[in-house]
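Engineer: Sharing a model prediction with you, sequence too.
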Amino acid sequence: MASVTSLSDSVQQHLASALSATLPEAAGADPLLRRSDRADFQANGILALAKKAKANPRELATQVVAQVAAGDVIKDVEVSGPGFLNITIADRAITENLAARYADETGRLGVPYAAHPGTTVIDYAQPNVAKEMHVGHLRSAVIGDAVVQLLEFTGENVVRRHHIGDWGTQFGMLIQYLDEHPHELDHKDAQVTGEEAMSNLDRLYKAARGKFDSDEEFKTRARRRVVDLQAGDPQTLAMWQKFVDESKIYFFSVFEKLDMEIQDPDIVGESGYNDMLADTCRMLEESGVAVRSEGALCVFFEDVKGPDGKPVPLIVQKSDGGYGYAATDLSAIRDRVFNLKASTLLYVVDARQALHFKMVFETARRAGWLNDDVKAHQLAFGTVLGKDGKPFKTRAGETVKLQDLLDEAVERATAVVREKAEKVGLTEQEITENGRYVGIGAVKYADLSTSAVRDYKFDLDQMVSLNGDTSVYLQYAYARVQSILRKAGEARPAAHPELELAPAERALGLHLDQFAETVLEVAADYEPHKLAAYLYQLASLLTTFYDQCPVLKADTAEQVENRLFLVDLTARTLHQGMALLGIRTPEKL
Ligand code: ARG
């Protein structure tokens, strides 16, 4: 399939042939091309080549310049500094390249599919059963979803796994309480809302906890329940299932609010690996990767020590025979590698679990489950902070309810949308819809626009601000183009490569050209914040372009068409880029 390439690909080819024409041994060498502020592109690969050939780099560069066929693509090439090449692209090439992309019906905007896609199993959006979701779960869901979209866009096979916390001793207490108060999870209506489900669970949890702490006999019965649960007693399991189902109603309602698609078959919680736990431990013990220490099955590491200097092991089986978080994760690795045939395992999990994953991955490597062909990576994220710079809590010091937080974001955004609604001509229904897209977009963008591993401040005022690096700024940029296209009347977008470009048009065009490289890099490094930065820059260049270049009032009909084409391609790129971040771009705003 012939795909539309970027200008950098053409320049790269021109340079490579000029290089090998100058210096035969340079055939296949990388000219090390990059986008630059000084010229459109800069190549600095000649330095290393000159060193190897024991030649003077500036002289070699001058010879290469003579070999570069100035023509269709490269308008000008100059030697700069110690032997760099500064390259200026012809206006015609910029427009032609973008025009090919515009005409390409696949809508890929120049982004190629991976030649050899692998299979990535991504572990994200993993809340815990019978517990309220918190902002950490929000981050995992938002970042994970963006990475899923990005990987799938580049052609990677992606398997999603929501490793929900659905197993553990706390269920003994909950199930026993439910058994003694059988109607606690009943619903008034057939249609249960997520909020209702959560408040049911919350109430039940508090009641069960209260009884557990105050009633010794209940405590004993609850402990017996844990044993029944682990032994697979059918009645106990059925009640456990009720908690899982009730929690899922709640999870799905939050994910829906987040405008995010989560599929039930992809929810494979901790309990999904129960059947593998004993084997996992046996394999680790037999291979000597894990050893018994004070009755527990442990894995030790040279570089993991406690404050007392003693090694801190990863415990795969407790001395009472119980399995914990690590045994489950090690079993999940076996499942993902051997059954799902993953080539990459990705975990979108709080940075505070970094030591856990370091030990789990190292254990799996020692066991031979992970190796150079099958790699695991934790995409660790930082903490969400309040305006005061401390971990995000309510005034009363409780964790903030995710639903409330999202509702508030939508409410604020709706007010922002409403202010301009009359001017734009929005119906009440459009105001509500856009309020959702802007509010949820704001929350996602704030999360995705800083590097994941850094902490960030949750500041709704800033998030829905029309100025600055916010999603709503990008959404407005998109909607403004749509408004111009609507007002264009008879005039339609059409590329005119014969036209000379104004500086603001060149800058916009060259940045548009960079979309493919950006997406590939961002997908390869799991760094959605770089896509956010790219899009923000794109919107800013569009603003500058408007200031300097009238669109509908341009001098000639050809210029009007060419500028309509430029802004339309910019809008498409904004739309696609935002979609990869999980953010919608309303047509009217
Ligand atoms: N449920 C866990 C939590 O809330 C996150 C699970 C992360 N994934 C994993 N495979 N351990 O902290």
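Structural biologist: Okay, I see it.
Engineer: was I right about V560 contacting C549?
Structural biologist: No: with contacts counted by CB atoms under 8 Å, V560 stays clear of C549, the gap being 10.7 Å. C-beta here means a position set from N, CA and C on the backbone, and glycine is covered the same way.
Engineer: how about stretch 444-460: buried residues?
Structural biologist: K444, Y445, A446, D447, L448, S449, T450, A452, Y456, F458, L460 (16 or more other CB atoms under 10 Å).
Engineer: Those residues in strands, which ones?
Structural biologist: Among the buried residues of stretch 444-460, the members falling in strands (DSSP state E) are Y456.
Engineer: Whichever residue of the stretch 351-500 of the chain sits closest to the ligand: what's it in contact with?
Structural biologist: Nearest residue of the stretch 351-500 of the chain to the ligand: Q353, at 6.7 Å (CB to the nearest ligand atom). Shown in contact with Q353 (CB atoms under 8 Å, 6 or more residues apart in numbering): Q378, A380.
Engineer: ok, back up a step: so can I have JSON lines of the buried residues of stretch 444-460 showing pLDDT?
Structural biologist: Formatted as JSON lines, the buried residues of stretch 444-460 follow (pLDDT from 0 to 100):
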{"residue": "K444", "pLDDT": "97"}
{"residue": "Y445", "pLDDT": "97"}
{"residue": "A446", "pLDDT": "96"}
{"residue": "D447", "pLDDT": "96"}
{"residue": "L448", "pLDDT": "97"}
{"residue": "S449", "pLDDT": "97"}
{"residue": "T450", "pLDDT": "95"}
{"residue": "A452", "pLDDT": "96"}
{"residue": "Y456", "pLDDT": "90"}
{"residue": "F458", "pLDDT": "90"}
{"residue": "L460", "pLDDT": "90"}
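Engineer: Pick out the most distant pair among the buried residues of stretch 444-460.
Structural biologist: Farthest apart among those by CB to CB are A452 and L460. That separation is 20.4 Å.
Engineer: And the residue in the chain sticking out farthest from the centre, how far from the ligand?
Structural biologist: Residue farthest from the centre of the chain, counting by CA atoms, centre = their mean, is E217 at 48.1 Å. In this view, E217 and the ligand are 31 Å apart by CB to the nearest ligand atom, to the nearest Å.
Engineer: So that residue versus R223, what's the distance?
Structural biologist: 11 Å (CB to CB, to the nearest Å).
Engineer: Kindly report the same for L406.
Structural biologist: 38 Å.
Engineer: A367 contacts M283, correct?
Structural biologist: Yes: with contact defined as CB under 8 Å, A367 counts as touching M283 (6.6 Å).
Engineer: what mean pLDDT does the strand or helix carrying R203 have?
Structural biologist: For R203, the element it lies in under DSSP states H and E is helix 194-214. Taken as a whole, helix 194-214 has a mean pLDDT of 92.
Engineer: What of stretch 485-492?
Structural biologist: 95.
Engineer: cool, stretch 578-589 as well?
Structural biologist: Stretch 578-589 comes out at a mean pLDDT of 98.
Engineer: And for stretch 466-475?
Structural biologist: Mean predicted confidence for stretch 466-475 is 94.
Engineer: now swap in stretch 251-264 and tell me
Structural biologist: 96.
Engineer: Just the C-alphas of it, formatted as PDB.
Structural biologist: This file holds the C-alpha atoms of stretch 251-264, laid out as PDB (Å, rounded to 0.1, in the frame of the first residue of the first chain):
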ATOM      1  CA  PHE A 251     -17.500   1.300  37.400                       C
ATOM      2  CA  PHE A 252     -19.300   1.300  34.100                       C
ATOM      3  CA  SER A 253     -21.200   4.400  35.100                       C
ATOM      4  CA  VAL A 254     -18.000   6.200  35.900                       C
ATOM      5  CA  PHE A 255     -16.300   5.100  32.700                       C
ATOM      6  CA  GLU A 256     -19.400   6.200  30.700                       C
ATOM      7  CA  LYS A 257     -19.100   9.600  32.300                       C
ATOM      8  CA  LEU A 258     -15.500   9.600  31.300                       C
ATOM      9  CA  ASP A 259     -16.700   8.900  27.700                       C
ATOM     10  CA  MET A 260     -14.600   5.800  27.600                       C
ATOM     11  CA  GLU A 261     -15.400   2.400  26.300                       C
ATOM     12  CA  ILE A 262     -14.600  -0.500  28.700                       C
ATOM     13  CA  GLN A 263     -15.700  -4.000  27.600                       C
ATOM     14  CA  ASP A 264     -16.800  -6.600  30.100                       C
END
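Engineer: now check it, is it near the ligand?
Structural biologist: No: counting by CB under 6 Å from any ligand atom, the ligand has no neighbours in stretch 251-264; the shortest distance is 11.5 Å.
Engineer: Which of L406 and R223 has more residues huddled nearby?
Structural biologist: Applying other CB atoms under 10 Å to L406 and R223 shows that L406 carries more neighbours, namely 19 against 14.
Engineer: what's near enough to touch the nearest residue to that one once chain neighbours are set aside?
Structural biologist: Using CB to CB, 6 or more residues apart in numbering and skipping the chain neighbours, the partner closest in space to L406 is K257 (4.9 Å). Taking CB under 8 Å, 6+ apart, we find K257 in contact with Q403, L406, D407, I440.
Engineer: N274 in helix, strand or coil?
Structural biologist: helix (DSSP: H, G, I helix; E, B strand; the rest coil).
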